[in-house]
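**Student:** With the sequence up front, the predicted model follows.
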Amino acid sequence: MTDSSADRREFERLLSPILDNLYGAALRMTRNAADAEDLVQDTVVKAFRFFHRFERGTNFKAWMLRVMTNLFCNQYRKAERQGEPVDLEEGEDVWLWAKAWEQAGNRIDFDPVVHVLSKIGEETIRRAIDDLPEEFRVVVTLADVEQFTYEEIAEAMEIPVGTVKSRLYRGRKQVQKRIWSYLQEDQVAL
């Protein structure tokens, strides 16, 4: 048994349980199934090529996500048209829930979370996330859809944890406002 076959088996063992997470993150980054598959494939190839640089005992998922994020930034983002600037005004954390409460007539027994979630479909939420500018979309996707920790996201994107938290906060605010806007366009009463 050579070192390369042992490395290959170890790489496959570590990769197997996170492959779905990588594809989900790639799909959110690229917004296209074929591009997501290509990104995952390119990530696996590059990561295996540099597997000797992976420090055993550290977080393999975060390392793979960093490889994928770097590839995405270098290859795919260049081809993607830059989005419009977005107003990042700070707002209350409960803005969407407050609007629902207001429309419901402020009943004591009214639970705005249950009510709003019953009106919002998964597709509306996905659309709101997909419409975010890239720096927010990637962080919101990794945190809220793929369930990565702040630390894993920071390590993968090579940004400070504080930046992850800031982008996540602002991204979530934008998602709330976009959902509200979509519901108003579709004339859905909350």
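**Tutor:** It's in. Numbering: from 1, shown residues only.
**Student:** Name the SS class of the most centrally placed residue in the chain, please.
**Tutor:** The central residue of the chain, meaning the one whose C-alpha is nearest the mean C-alpha position (CA atoms, centre = their mean), is Thr141 at 1.3 Å. For Thr141, the assignment made with DSSP: H, G, I helix; E, B strand; the rest coil gives helix.
**Student:** check contacts around it.
**Tutor:** Taking CB atoms under 8 Å, 6 or more residues apart in numbering, we find Thr141 in contact with 24-25, 28-29, 129. Heads up, the C-betas are built off the backbone N, CA and C, glycines and all.
**Student:** how much space is there between it and Pro17?
**Tutor:** As judged by CB to CB, to the nearest Å, Thr141 and Pro17 stand 19 Å apart.
**Student:** Repeat that for His52.
**Tutor:** 21 Å.
**Student:** for the contacts of Thr141, which one is nearest Asn74?
**Tutor:** Top of the list for closeness to Asn74, among the contacts of Thr141 and by CB to CB, is Met29 at 12.3 Å.
**Student:** tally of neighbours for the closest one?
**Tutor:** As a burial measure, Met29 scores 24 neighbours (other CB atoms under 10 Å).
**Student:** Leu27 too?
**Tutor:** Using other CB under 10 Å: Leu27 sits among 18 other residues.
**Student:** and it, what is it in contact with?
**Tutor:** Under the criterion of CB under 8 Å, 6+ apart, the contact list for Leu27 reads 33, 36.
**Student:** and if you look at Tyr182?
**Tutor:** Shown in contact with Tyr182 (CB under 8 Å, 6+ apart): 124, 127-128.
**Student:** Can you check these and name whichever has the most neighbours?
**Tutor:** Once you tally neighbours by other CB under 10 Å, Ala128 ends up highest among those, having 23 neighbours.
**Student:** Now do the residue lying closest to it once chain neighbours are set aside: how many residues are near it, please.
**Tutor:** Closest residue to Ala128 in three dimensions, ignoring its sequence neighbours and counting by CB to CB, 6 or more residues apart in numbering: Arg178, at 3.9 Å. The local packing of Arg178 (other CB under 10 Å) involves 20 other residues.
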